[in-house]
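*Asks:* make a model of this:
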Amino acid sequence: MKVRVKYSKTGPLKFISHLDVMRYFQKNIRRAGLDIAYSTGLSPHQIISFAAPMPLMLTSEAEYFDAEFRSLPSHDDFVQRLNDAGTPLMKVWDAAVLPDKAMNSMAAVTASSYVVALTERGLEELAAYWGQNFPDEVTRLMAEDTIVVIKKTKKKEEPTDIRPMIHTLEMTNGRIRMLLAAGSKVNLRPEQILTELCRRIGCEYDRFHYDIHRTETYMDGPGDGSFLPLIEAGDRDF
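*Replies:* Numbers count the residues shown, from 1 in each chain. Take a look at the predicted model:
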């Protein structure tokens, strides 16, 4: 049985890498005594895959992985055992059994939502920009038909129109909220939005000025342009 697990990554765990997260859950599942399936061959490993891993310095309340199990306890017992064996900074919130034809979590991801606030350092250095300039610039950015930025990859830099990748962008109650394209085919990072906003108001983007928090990871909805949280692909009744 393939299970999709939703978990959060908060606090100082924003400083650990995706590889550390993988190792954590491999050990967490063993400590919880869950009957996970292993691959065959000379070097068996747990059958587990992660969706849209976050870069360092971001926190999240909606991370996901898929894993195969040979047998399962009840839903509540499954979640409780993982949490009892782990840290509250990496809390498991939900789980669902996936149908046989479900896409794996990495392939299914099409969007992610984020909320951005200022850190203490950011408040000291950007209070004027944040309160007076950012709200207007966010509105102007969403009103434009094209937003061309230099997008960097491991191999090259090239001008890219990121406007089609921004589904929503607004500033409310002193926070920037955004819904951006995500996944293996098209992916826009919130840092790229912040870099462009900073460029437009004449300040330099500094990662340590901002708290970036992922609030949900989505897949495509039922053909109407909407999005659904990844957990909705499965059945929680087990």
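*Asks:* and what about the residue of the chain most remote from its centre, helix, strand or coil?
*Replies:* In the chain, the residue that sits farthest from the middle, by CA atoms, centre = their mean, is residue 42; the gap is 33.4 Å. Following DSSP: H, G, I helix; E, B strand; the rest coil, the label given to residue 42 is coil.
*Asks:* for the closest residue to residue 174 other than its chain neighbours, what are its contacts?
*Replies:* Leaving aside its chain neighbours, residue 174 sits nearest to residue 117 (7.0 Å; criterion: CB to CB, 6 or more residues apart in numbering). In this view, the C-beta of every residue, glycine as well, is placed from N, C-alpha and C. Neighbouring residues of residue 117 by CB atoms under 8 Å, 6 or more residues apart in numbering: 174, 175, 176, 210, 211, 213.
*Asks:* same question, residue 51
*Replies:* Applying CB under 8 Å, 6+ apart, the residues near residue 51 are 63, 64, 65, 66, 104, 105, 106, 108, 109, 217, 230.
*Asks:* Three-state assignment for residue 14, please.
*Replies:* With three-state DSSP as the criterion, residue 14 reads helix.
*Asks:* that one: how many residues sit nearby?
*Replies:* Residue 14 has 18 neighbours, counted by other CB atoms under 10 Å.
*Asks:* and the residue nearest to it when sequence neighbours are not counted, what are its bridge partners?
*Replies:* Setting aside the residues directly before and after it, residue 14 is nearest to residue 59 in space (CB to CB, 6+ apart), at 5.0 Å. Listed by DSSP bridges, the beta-bridge partners for residue 59 are residue 213.
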